[in-house]
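Student: Prediction below, plus the sequence it came from.
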2 protein chains.
Amino acid sequence: MSAPKNDTLLRALLRQPTPYTPVWVMRQAGRYLPEYNATRKRAGSFLALAKNPDLATEVTLQPLARFNLDAAILFSDILTVPDAMGLGLYFVEGEGPKFERPLRDEAAIRQLVVPEINASLGYVLDAVKQIRQALANKVPLIGFSGSPYTLACYMIEGSGSADFRTIKSMLYARPDLLHHVLDINTRAVIAYLNAQIEAGAQAVMVFDTWGGSLADAAYREFSLDYLRRVIAGLHREWNGQPVPNIVFTKGGGLWLEDIAAIGCNAVGLDWTVNLSAARQRVGSQVALQGNLDPAVLFSTPAAITAQVDAVLRQYGQGPGHVFNLGHGISQFTPPEHVGVLVDAVHHLSRTSR
Amino acid sequence: MSAPKNDTLLRALLRQPTPYTPVWVMRQAGRYLPEYNATRKRAGSFLALAKNPDLATEVTLQPLARFNLDAAILFSDILTVPDAMGLGLYFVEGEGPKFERPLRDEAAIRQLVVPEINASLGYVLDAVKQIRQALANKVPLIGFSGSPYTLACYMIEGSGSADFRTIKSMLYARPDLLHHVLDINTRAVIAYLNAQIEAGAQAVMVFDTWGGSLADAAYREFSLDYLRRVIAGLHREWNGQPVPNIVFTKGGGLWLEDIAAIGCNAVGLDWTVNLSAARQRVGSQVALQGNLDPAVLFSTPAAITAQVDAVLRQYGQGPGHVFNLGHGISQFTPPEHVGVLVDAVHHLSRTSR
C-alpha cells in the first residue's frame, strides 16, 4: 500500500506543510444526504446498514461523490465494541442507541471480557477493506472508535443520558468497578483500532463524546488516563506508512494541554474553543482539528464563507490544521451548504498561503 | 433594613473573611424535596406555584427548615421576563418550558418591548417581600434572572433545544435581529433585577444557562457583551447595604477571565473547572461560586464528604469562595445527602481556617 494521491489530511495531522487546509466533516455520511436515507431505507435499519460491509461502503463514499472532501471516514457506530461484548445494541427510532443488557451490577461487570475482534467485529474490518478498495487511494480512510469512558457511559446507562446518573453514581461510590470496565474497554479499543489499521485505515480517531460531562479530577482519572493508554497502544505506522491519530473530547477545551500531552498526533476541538488561543496553548506538540459551529451550516452561503474565513484566520499560518466542524453535522443541514463549506476552506486557505 | 444575622454569603461574595465557607444549592427549593412536591401539587402546576407569592414563599423556605443553608434563593422561573413580554409561558409535564408565541419572524421581533415590571411581574416582587419578611433577617435572599442570551434562546426556539438551530440560524444569518432582541432583554433584565433588589433581594444572580452552547466569538458578541451591560446597570447597594451580584455561564470555563472582567462580584463555575486553576486565572478580581458535580449527591455520605473536601482544598485558603453545586440539584437526589453536603462544607471549612 502506498500513500493516497491526496495526502493533505495525513500530512496536516503530522504537522507537515500542505498546499491548502484539508477538510472533512464529522458524520459526513449521514442523514442530511437524501442518498444516505435511501440506502438506509433499503438496509431496513441503521444497525443493518452499519453491519453490512457493502452498504457501509456505499454510504461512506456518498459524500465524496458530492463534495471535494480530503478524507473518507468509515461508516459505523461508536457502540460496535460493547455490542461485540454481548450487551445487545439496538436502536429505537428517534431515541438513539440502547443496550438490552446494560451493566447494572457487579456480577455483570465481573463477567465482561475483551471481545475477539476478528470473530465479533469482522463486518467492520470487511467494510474497511472494501472502502479502501473502492477509494482506490484517492483520499485516506479514517477509522474510529468511542473512547473507553464514552463506551462505558452507554454500557452502564444503557442509553444516552442527560445527567449520567448511573455511571456517575458508580464513579463516586464504586470507582473500582468503573476502573474495571474502563480497563477492559481500553484493551478492546486498542485491539479494535489496530485491527482497523491492519485492515487499511490510514488514520484513526477516538471520540470521547461524553468526557466533557465529567468533573475536572474525574475527567483525568476516568477518561484521560485511559485515552493515554489507548494512544500508547496504537500502531503508529503500518506497511511503512505513518498512521496518525486524533483524540476528540467534546467539551474538553479546558483540558487541551493535558490531552495534547498524552502522545496523540492531533486534538479535535469543539466550537467553544478559540483556535488561536488553542494553538498558543499546545505549541507545536499536536495538530488541531476543527472547529466550526455546525449551526453555521443552517445560515447562508455568504455567512458560511465568512465563518470559514474566521476559523482559518484564527488558526493562522503554518502547518497542523485540519478543518472540520466542532461536532457531527446536523441532519437538518442543506447538503449544498457542505459544498460551500468545503470549497471555501480550499479556496481561502490556498490563497492565504 | 440591616445586614442579615448570617452574612457569610454576602461577605464571601465581596471577598471578605468569613469563619467558614458559606453554602447554598442551586434549585435548593425543588423536586427532590417531598414537601416541595406536596406544595406544588396543591398549587396545581409549576407556573401556578411560581405565580403565587404565598406558595413561592413557602417553598423558598422549605430547604432552610431542613438544612443549615447560608442563603435563600427566590423560588421563581428564569422565563418570567419573556412571559411578561407576552410570549405566553407554559409547561408540559416532563418536557420543560415552552412559549405559545415564540419569536419567529421580524415583525414579531420588532414588536417586542421591555415590560413594565411592577405591572407584569408584581407577583415576583410580592414574593421577594414576603420571603424577606418570613426570613426575618436570618440569612440573605438571592434574587435572580436568566441572562439576555439565555432568555432569547427560549424566546426564539419556543422551548429548550438540543442544537439551538433556530436562534443560531438567526445569529449567523441575521445578527441584527438577534441584537435587537438582546438589547430589549438586557433592559428588561436590568429593570427586573433592580426591582427585586428594591423589593428586598440582598444579592442577585444571572443565569446564563445556554451561553456555553455558543462558539467562542459568538459568546463574546451575543452573550458576554450583554452580561456586561446588565452588570453595569445593577444597583450595587440598596438601603446602605452592598448588593453583590453573581454571573454564571454554564460551560463557560474557557471564558473565565473574560467573565471576571465584566465587573461582577462573583463568577459561578460548573464542575468541569478546576477551582485552583480558576483562582489563579482570576486573581483577586472576583469571588468564585461552585462547583461540586451534582452527581456526587447520588453516591454515599463518605464519598460526598470526600468530594466536598476536595473542592474546598482546590479553592484553598483565603476569602471569596461560596460553595455550591456546579448546576442545579437533580430531582433524584436523596434529601438527606444535602444535609451531609451542607454540614461537611461548614465543618471542613471551619476546621481548616
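Tutor: All right, it came through fine. Numbering: from 1, shown residues only, chains lettered A, B, ... in the order given.

Student: quick one: contacts of stretch A:160-175?
Tutor: By C-beta atoms under 8 Å, 6 or more residues apart in numbering or on different chains, the surrounding residues in contact with stretch A:160-175 are A:96-97, A:102, A:104, A:106, A:152-154, A:156-158, A:177-178, A:210, A:213, A:218, A:221-222, B:293-296, B:298-300, B:303, B:307, B:330, B:332. (Each C-beta comes from the backbone N, C-alpha and C, glycine too.)

Student: following the longest helix along chain A, which helix or strand shows up next?
Tutor: Assignment by DSSP state H gives helix A:175-199 as the longest helix of chain A. On the C-terminal side of helix A:175-199, the nearest following helix or strand under DSSP states H and E is strand A:203-208.

Student: so what secondary structure elements neighbour that following strand?
Tutor: For strand A:203-208, the helices and strands in contact under the criterion 3 or more C-beta pairs under 8 Å, 6 or more residues apart in numbering or on different chains; DSSP states H and E are helix A:8-13, strand A:141-146, helix A:148-157, helix A:175-199, helix A:225-233, strand A:245-249.

Student: Now do the contacts for the nearest residue to A:Arg228 once chain neighbours are set aside.
Tutor: For A:Arg228, ignoring the flanking residues on the chain, the nearest one in space by C-beta to C-beta, 6 or more residues apart in numbering or on different chains is A:Ile262 at 4.0 Å. For A:Ile262, the contacting residues are A:224, A:227-228, A:231, A:247, by C-beta under 8 Å, 6+ apart.

Student: List the buried residues of stretch A:278-285.
Tutor: Neighbour-count burial for stretch A:278-285, counted by 16 or more other C-beta atoms under 10 Å in any protein chain shown, picks out A:278-279, A:282.

Student: Adding distance to chain B, write those residues out as JSON lines.
Tutor: Below are these laid out as JSON lines (distance: C-beta to the nearest C-beta, whole Å):
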{"residue": "A:Ala278", "distance to chain B": "10"}
{"residue": "A:Arg279", "distance to chain B": "13"}
{"residue": "A:Val282", "distance to chain B": "14"}
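
Student: which one of those sits closest to B:Tyr20?
Tutor: A:Ala278 (38.9 Å; C-beta to C-beta).

Student: Could you report the pLDDT at the closest one?
Tutor: Taken from the predicted model, the pLDDT recorded for A:Ala278 is 98.

Student: number of nearby residues for A:Glu95?
Tutor: A:Glu95 has 9 neighbouring residues, counting by other C-beta atoms under 10 Å in any protein chain shown.

Student: tell me which parts of chain A are close to chain B?
Tutor: A:163-165, A:168-169, A:171-173, A:212, A:214-219, A:251, A:253-254, A:271-274, A:292-296, A:298-300, A:303, A:307, A:310, A:326, A:330, A:332 (C-beta under 8 Å from any C-beta of the partner chain).

Student: rerun at 6 Å
Tutor: Selection of chain A residues close to chain B by C-beta under 6 Å from any C-beta of the partner chain yields A:163, A:165, A:168-169, A:172-173, A:215-216, A:253-254, A:271-272, A:274, A:293, A:295-296, A:298-300, A:303, A:330.

Student: Buried ones among those?
Tutor: Among these, those classed as buried by 16+ other C-beta under 10 Å are A:163, A:165, A:168-169, A:172-173, A:215-216, A:253-254, A:271-272, A:274, A:293, A:295-296, A:298-299, A:303, A:330.

Student: In helices only, show me those.
Tutor: Restricting those to those inside helices, with DSSP H as the criterion, leaves A:165, A:168-169, A:172-173, A:216, A:303.

Student: Could you export those residues as TSV, including pLDDT?
Tutor: What follows is those, written out as TSV (pLDDT from 0 to 100):
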residue	pLDDT
A:Arg165	96
A:Lys168	97
A:Ser169	96
A:Tyr172	97
A:Ala173	96
A:Asp216	98
A:Ala303	97
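
Student: Looking at those, spot the one nearest B:Phe46.
Tutor: With C-beta to C-beta as the yardstick, the closest approach to B:Phe46 among these comes from A:Arg165, at 21.8 Å.

Student: State the distance from the closest one to A:Arg15.
Tutor: 41 Å (C-beta to C-beta, to the nearest Å).

Student: Next: A:Asp270.
Tutor: Counting by C-beta to C-beta, the gap from A:Asp270 to A:Arg15 is 21 Å.

Student: And the strands in the stretch 201-350 of chain A?
Tutor: Counting by DSSP state E, counting those that start in this stretch, the stretch 201-350 of chain A has these strands, from start to end: A:203-208, A:237-238, A:241-242, A:245-249, A:266-268, A:287-292, A:321-325.

Student: looking at those, which is buried most?
Tutor: Among the strands of the stretch 201-350 of chain A, strand A:321-325 has the highest mean neighbour count (mean count of other C-beta atoms under 10 Å in any protein chain shown), at a mean of 28.

Student: Need the CA coordinates for it. CSV is fine.
Tutor: The C-alpha coordinates for strand A:321-325 follow below in CSV (Å, rounded to 0.1, in the frame of the first residue of the first chain):
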residue,chain,number,x,y,z
HIS,A,321,-4.7,22.4,10.9
VAL,A,322,-7.4,20.0,9.7
PHE,A,323,-10.7,21.8,9.1
ASN,A,324,-13.8,20.2,10.5
LEU,A,325,-17.0,21.0,12.3
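
Student: Can you tell me, leaving aside adjacent residues, what's nearest to A:Ala266?
Tutor: Using C-beta to C-beta, 6+ apart and skipping the chain neighbours, the partner closest in space to A:Ala266 is A:Ala287 (3.9 Å).

Student: Show the pLDDT at the residue nearest to A:Arg228.
Tutor: Confidence score, pLDDT, at A:Ile262: 98.
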